[in-house]
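In: Pasting a predicted model and its sequence here:
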Amino acid sequence: MKLTFQQQPGSCAPRPRQRFDASRRYAPLAGRRRRPGSITIELLLNLPIWILLVLSMVQFGQLASSVQHVTRASRVGAELAAQCLALPAGGQVPSEILDAIQCQLASSGMACSQVILEHNLSDTPVTLVSGSGGGLPPASPLPGCGTYVRVTIFVPVAAIMPNLLGKMGVDLWSRAVEQSTTFRYQLQARKRP
Amino acid sequence: MKASIAQPALKSPPAESRRAACRAAHRRGVVTLWTVLVIPFVLAIFCAVLEVKHLWQGRVQLDGAMQAAALASVQEWAERGGTAQQVAAAESLGKEYALANTIHGVPVDLDDQAIVPAVAWAFGTGTRRGTGFDFTANRNAGADLTVVLQATVRVPALFPPIFGRWIADPTVSVRTAAYYDRSVRPPRPRLILLNN
């Protein structure tokens, strides 16, 4: 089968060429023509936004990652406190509990500023504080019956992440991450109400 | 019929400069455009990563709360005799210790269906096999007391306006088991790994 292509008369005829008047049609572009380096300048102007974005990711990513280690350290402290043969009724947190917490935190490259240990082994609630920082025990309720131990850890943000955004007005270094764990004291018979 | 195709005329200087001007005009603003288009996308991904991290942190905190509850519960059950009559008291004490721990500042109330949609307590015996323990449900166990606690908790989203609508109810689930070990002096509860 032979295909035939019907040409329309005059379809391939060259169009009449018009005279191009650049000064008239492209007058608005005439002043913006050929500016080498404009993209570079634009990139430089946008660079602070990208830097801010990347620094925020690094900083908050580091913070989010570190909170988990602080939680684990508070649990280690509470677990050890729950198995201590004797807890003091005043003064500072026992050194073996502090050492365990510091060891746990040191494995993640952190150090805590304050440790609060609350317990009721001697029938009355006792609060032991080690370190400075002015932190207060959490407001969450303590168990109403049984003997408990609650360990609260304060880790300054300065020990967790660099102050990358400090110069840009987002200064988190003055704050502290706080985590708390409550366990039942395990070496003493239950106090009957 | 021989069709003759009109050859394009040689590029005239005005046409060349016109294309260059158009190219320059199109290139200008392209970095800003990309920045405006990409930043929300990058921020959304970053927020999603933080949201998952937040959820995982909630799981770690729930793990601690469940361990505290299971340890307190098995200790209470053992000290009261380890029979079916003491199960309710042991469960109640376990709930108190779960409540004393928090997930992102919210106490873990095992009776609150809005926070904890599913919770299951199992009281029975644990038999050592290999590195773990086999659990058998038995409320009148008497010895080798073991409590298994499993809970699913809703974790409040970190970015509720953005992801709260996309991820309807992010929940985390944890199972923990505590065994009352009488082989040590003084006897004490400890966490175990279950084979089943």
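Out: Right, received. Where do you want to start?

In: Scan chain A for its longest helix.
Out: For chain A, the helix reaching the highest residue count under DSSP state H is reported as helix A:38-82.

In: Next secondary structure after that one?
Out: Next helix or strand after helix A:38-82 toward the C-terminus (DSSP states H and E): helix A:95-106.

In: Report the mean confidence score over that next one.
Out: Average pLDDT, helix A:95-106: 94.

In: and that helix with helix A:38-82, angle?
Out: Between the axes of helix A:95-106 and helix A:38-82, defined by axes from the mean of the first three to the mean of the last three C-alpha atoms, to 10 degrees, the angle is 160 degrees.

In: The helix or strand just after helix A:95-106 pairs with which strands?
Out: Going down the chain from helix A:95-106, the next helix or strand is strand A:114-119, by DSSP H and E. Next to strand A:114-119 in the sheet, as set by DSSP bridges, lie strand A:126-131 (antiparallel), strand A:148-156 (antiparallel).

In: which one of these is the most hemmed in?
Out: Across these, the average number of neighbours (mean count of other C-beta atoms under 10 Å in any protein chain shown) peaks for strand A:148-156, which reaches a mean of 25. The C-beta positions use only the backbone N, C-alpha and C, and glycine is treated the same way.

In: Give me the below-cutoff pLDDT ranges for chain B.
Out: Counting by pLDDT under 70, the ranges of chain B that qualify are B:1-28, B:160-169.

In: could you pull out the strands for it?
Out: If you assign secondary structure with DSSP state E, the strands in chain B sit at B:102-103, B:106-107, B:118-129, B:132-137, B:145-154, B:171-181, B:188-192.

In: hang on, the earlier thing: residue A:72 is nearest to which of the strands paired with strand A:114-119?
Out: Shortest distance between residue A:72 and the strands paired with strand A:114-119, using C-beta to C-beta, is found for strand A:148-156: 10.1 Å.

In: what is the rounded mean pLDDT of the closest one?
Out: The average pLDDT within strand A:148-156 is 94.

In: any idea how far that strand is from the chain center?
Out: Centroid displacement of strand A:148-156 relative to its chain, using C-alpha atoms, centre = their mean, to the nearest Å, is 20 Å.

In: strands paired with the helix or strand following it, and their directions?
Out: Sequence order places strand A:176-184 as the next helix or strand after strand A:148-156, per DSSP H and E. Neighbouring strands of strand A:176-184 in its sheet, by DSSP bridges, are strand A:148-156 (antiparallel).

In: now for the longest helix of chain A, which elements pack on it?
Out: Using 3 or more C-beta pairs under 8 Å, 6 or more residues apart in numbering or on different chains; DSSP states H and E, the elements in contact with helix A:38-82 are helix A:95-106, strand A:114-119, strand A:148-156, strand A:176-184, helix B:13-27, helix B:30-80.

In: and it, average pLDDT?
Out: For helix A:38-82, mean pLDDT is 88.

In: Same question for stretch A:170-181.
Out: For stretch A:170-181, mean pLDDT rounds to 87.

In: did I read that right, residue A:138 in a helix?
Out: No - Residue A:138 is assigned coil when assessed by DSSP: H, G, I helix; E, B strand; the rest coil, not a helix.

In: Residue B:103 versus that one, what's the distance?
Out: Using C-beta to C-beta, to the nearest Å, we find residue A:138 at a distance of 13 Å from residue B:103.

In: Please apply the same query to residue A:113.
Out: Going from residue A:113 to residue B:103 by C-beta to C-beta gives 24 Å.

In: More neighbours: those two, which one.
Out: For the pair residue A:113 and residue B:103, the greater number of neighbours falls to residue B:103 (22 against 17), based on other C-beta atoms under 10 Å in any protein chain shown.

In: quick one, what contacts the more buried one?
Out: Contact analysis of residue B:103 by C-beta atoms under 8 Å, 6 or more residues apart in numbering or on different chains lists B:58, B:61, B:62, B:65, B:153, B:155.

In: That one: what's its closest spatial neighbour, skipping adjacent residues?
Out: residue B:61 (4.5 Å; C-beta to C-beta, 6 or more residues apart in numbering or on different chains).

In: just to revisit the earlier point, which of the contacts of residue B:103 lies closest to chain A?
Out: residue B:61 (6.0 Å; C-beta to the nearest C-beta).

In: Just to check, the closest one is in contact with residue B:105?
Out: No - here residue B:61 does not reach residue B:105: they are 9.6 Å apart, not a contact under C-beta atoms under 8 Å.

In: Pick out the most distant pair among the contacts of residue B:103.
Out: Spanning the widest gap among those are B:65 and B:155, at 12.3 Å by C-beta to C-beta.

In: More neighbours: which of the two?
Out: With neighbours defined as other C-beta under 10 Å, residue B:65 and residue B:155 compare such that residue B:65 has more, 26 against 23.

In: Grab the nearest non-local neighbour of that one.
Out: Leaving aside its chain neighbours, residue B:65 sits nearest to residue B:101 (3.7 Å; criterion: C-beta to C-beta, 6+ apart).

In: From residue B:147, how far out is that neighbour?
Out: Applying C-beta to C-beta to residue B:101 and residue B:147 gives a distance of 16 Å.

In: one step back: for residue B:61 and residue B:105, indicate the residue with more neighbours.
Out: Set side by side, residue B:61 and residue B:105 show more neighbours around residue B:61, with 29 against 12, by other C-beta under 10 Å.
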